[in-house]
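>>> next input, structure requested:
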Amino acid sequence: HQTSRSLEMELLASTPLLRSDGSNVAASSLGTALIAFYFSAHWCPPCQQFTPTLKDFYEEVNGEDEKRKFEVVFVSSDDDEAQCLDYFKNHHGDWLLLPYSSPLRNELKRKYGVCAGKEKEAVGVVERREGIPGLVVVRPDGSELEFNGREAVEKSGPPIVKKWIAKV
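Predicted coordinates:
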């Protein structure tokens with residue numbers, strides 16, 4: 001049965017996302033089975049450790065295929081836009097960035113309860129379920145498929161994507 005998309009996914013569909021080469025990508029054009037929101041920041045040592053792991057995972061899962069089956073959207077907890085862009089362009093995979101100025105950035109942090117401890121109050125996260133880095137894998141309607149995506153990526157590697165797709 002078809003479930004309606006969450007408000008956040010409706011907003012995401014109308015928000016232009018960025019690739020590391022600076023090109024805009026309409027989220028509505030992704031057509032991917034899985035989206036993973038990657039909550040991270042350049043100043044966070046565990047993020048600095050996990051980002052290369054996620055980059056390798058992303059490249060192995062998607063290969064050279066233009067039609068990606070697993071798409072990552074970076075949701076920054078950096079202190080400002082310059083830090084966010086530097087971290088994204090120089091350390092991340094060829095995935096997508098939710099613009100730093102987008103109000104959806106904080107909406108997603110509130111919805112999934114993932115943020116840096118130092119921003120919890122300012123963002124308005126009532127129940128913080130996870131600090132950063134966090135990787136939340138969602139269905140196309142925005143419902144949570146795997147909250148502990150980081151752990152799953154580290155423990156299971158690329159084969160986990162087939163299991164996630166089977167749950168969509």
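
>>> the closest residue to residue 154 other than its chain neighbours: how many residues sit nearby?
Excluding its sequence neighbours, the residue lying closest to residue 154 (Cβ to Cβ, 6 or more residues apart in numbering) is residue 53, at 6.4 Å. C-beta here means a position set from N, CA and C on the backbone, and glycine is covered the same way. Residue 53 has 14 neighbouring residues, counting by other Cβ atoms under 10 Å.

>>> residue 53 and residue 93, how far apart?
10 Å (Cβ to Cβ, to the nearest Å).

>>> is residue 59 in a helix, a strand, or coil?
What DSSP: H, G, I helix; E, B strand; the rest coil gives for residue 59 is helix.

>>> check the offset of the helix or strand of the chain with the lowest mean pLDDT from the chain's centre.
When the helices and strands of the chain are compared on mean pLDDT, DSSP states H and E, helix 7-13 comes out lowest with a mean of 76. Distance, stretch centre to chain centre, for helix 7-13: 14 Å (Cα atoms, centre = their mean, to the nearest Å).

>>> tell me what it is packed against?
If you count contacts as 3 or more Cβ pairs under 8 Å, 6 or more residues apart in numbering; DSSP states H and E, helix 7-13 packs onto helix 104-112.

>>> run through who's touching the helix it packs on.
6, 8, 11-12, 15, 37, 39, 75-77, 98-99, 115, 119, 123-126, 129-130, 134, 136, 142, 144, 147 (Cβ atoms under 8 Å, 6 or more residues apart in numbering).

>>> so which of those are in strands?
Cross-referencing the contacts of helix 104-112 against strands under DSSP state E gives 37, 39, 75, 76, 134, 136, 144.

>>> in the chain, what residue spans correspond to helices?
Shown for the chain, the helices assigned by DSSP state H span residues 7-13, 45-62, 81-91, 104-112, 120-123, 149-156, 160-167.

>>> which of these sits most buried?
Of the helices of the chain, the one with the most neighbours on average (mean count of other Cβ atoms under 10 Å) is helix 104-112, at a mean of 20.

>>> angle of that one against helix 81-91?
Relative orientation of helix 104-112 versus helix 81-91 (axes from the mean of the first three to the mean of the last three Cα atoms, to 10 degrees): 80 degrees.

>>> what is the rounded mean pLDDT of helix 104-112?
The pLDDT scores in helix 104-112 average 93.

>>> ok, and the closest non-adjacent residue to the spatially most central residue of the chain?
The centroid of the chain falls nearest to residue 37 when counting by Cα atoms, centre = their mean (1.9 Å). Once flanking residues are discounted, residue 37 sits nearest to residue 136: 4.9 Å by Cβ to Cβ, 6+ apart.
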